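Chemist: coordinates only, sequence not included:
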């Protein structure tokens, strides 16, 4: 067999085996790597190159070595799942770099980090003042996670006492002009609903490149022709405006009536609508 053909066959074999081994190792191999996973990735790549190019040795010996490395990696990952002591020994322990707005110099020296580097990491998280940081921790993967002080955290509906409905992940319902039936069913809709929504904005299915439905049933459409502007659905904004008008009318009625009973009724109704508005405002203003 010609050498070039043997190299082609060896390389194809290495690619297939490497793909299967990486699938076996799981998603961790393509995310932030731990120390041992970093070594495993380098070694597996070197073994794959050896299988492809070293014509003086039997190719199956490289596959055996590759299999041994993968089995060792799986065994170590299983050991890490079962034992915290094993995790701490094999991987690096998390290190606190900042606590209460103060840099821990000894820990910075231990991780060989400079002040410029830690400040750069803070700026990546949109933090420009050291005093705003409660904790900064370097994880075993080398990533730095930061917790701001409570007074600097953004407000959430929970802080304001507002209850919001649970969110579903948005679903792509049209891709490359084709309707995706399963995502539509997940959101509780059908093709007739989709076609009606497209008709409301004056769009035809054949003109739609991409369409997505969010938690609240709002359809977002992208057309093949980027020059065409898709009109926005104003139904929710109109409903919000009508609720605000009803509340204002009830308050006006309570001020204008002389009947104590009617006044009390209008005030209670106004408060009820105010409570409803507090709950639905995050939905209707999206």
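Modeler: Looks like it arrived, so ask away. Remember, predicted model here, so these are calculated numbers, not experimental data.

Chemist: how distant is stretch 188-204 from the center of its chain?
Modeler: 28 Å (Cα atoms, centre = their mean, to the nearest Å).

Chemist: Start and end of it, how far apart?
Modeler: 21 Å (Cα to Cα, to the nearest Å).

Chemist: what is the rounded mean pLDDT of that stretch?
Modeler: The average pLDDT for stretch 188-204 rounds to 86.

Chemist: list the buried ones in that stretch?
Modeler: For stretch 188-204, a neighbour-count test (16 or more other Cβ atoms under 10 Å) marks 189, 193-194, 197-198, 203 as buried. For glycine as for every other residue, the C-beta is placed from the backbone atoms N, C-alpha and C.

Chemist: Also stretch 74-90?
Modeler: If you call a residue buried by 16+ other Cβ under 10 Å, then stretch 74-90 has these buried ones: 76-77, 80, 87, 90.

Chemist: Stretch 89-102 too?
Modeler: 90-91, 95, 97-98.

Chemist: Likewise for stretch 99-116?
Modeler: 103, 107-108, 113.

Chemist: Sort out for me which of the buried residues of stretch 188-204 are in helices.
Modeler: 193-194, 197-198 (DSSP state H).

Chemist: Tell me which two of those residues sit farthest apart.
Modeler: 193 and 198 (9.8 Å; Cβ to Cβ).

Chemist: Switch the buried residues of stretch 99-116 over to JSON lines; also include distance to residue 168 and pLDDT.
Modeler: Converted to JSON lines, the buried residues of stretch 99-116 look like this (distance: Cβ to Cβ, whole Å; pLDDT from 0 to 100):
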{"residue": "103", "distance to residue 168": "42", "pLDDT": "91"}
{"residue": "107", "distance to residue 168": "42", "pLDDT": "90"}
{"residue": "108", "distance to residue 168": "43", "pLDDT": "90"}
{"residue": "113", "distance to residue 168": "41", "pLDDT": "88"}
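
Chemist: from these, which is closest to residue 260?
Modeler: Closest approach between those and residue 260, by Cβ to Cβ: residue 103, at 65.1 Å.

Chemist: taking the buried residues of stretch 99-116 one by one, which sit in helices?
Modeler: Going by DSSP H, the helices hold 107-108 from the buried residues of stretch 99-116.

Chemist: residue boundaries of the strands in the stretch 101-250 of the chain?
Modeler: For the stretch 101-250 of the chain, strands defined by DSSP state E, counting those that start in this stretch occupy the ranges 102-103, 133-138, 144-148, 171-175, 178-179, 208-213, 219-223.
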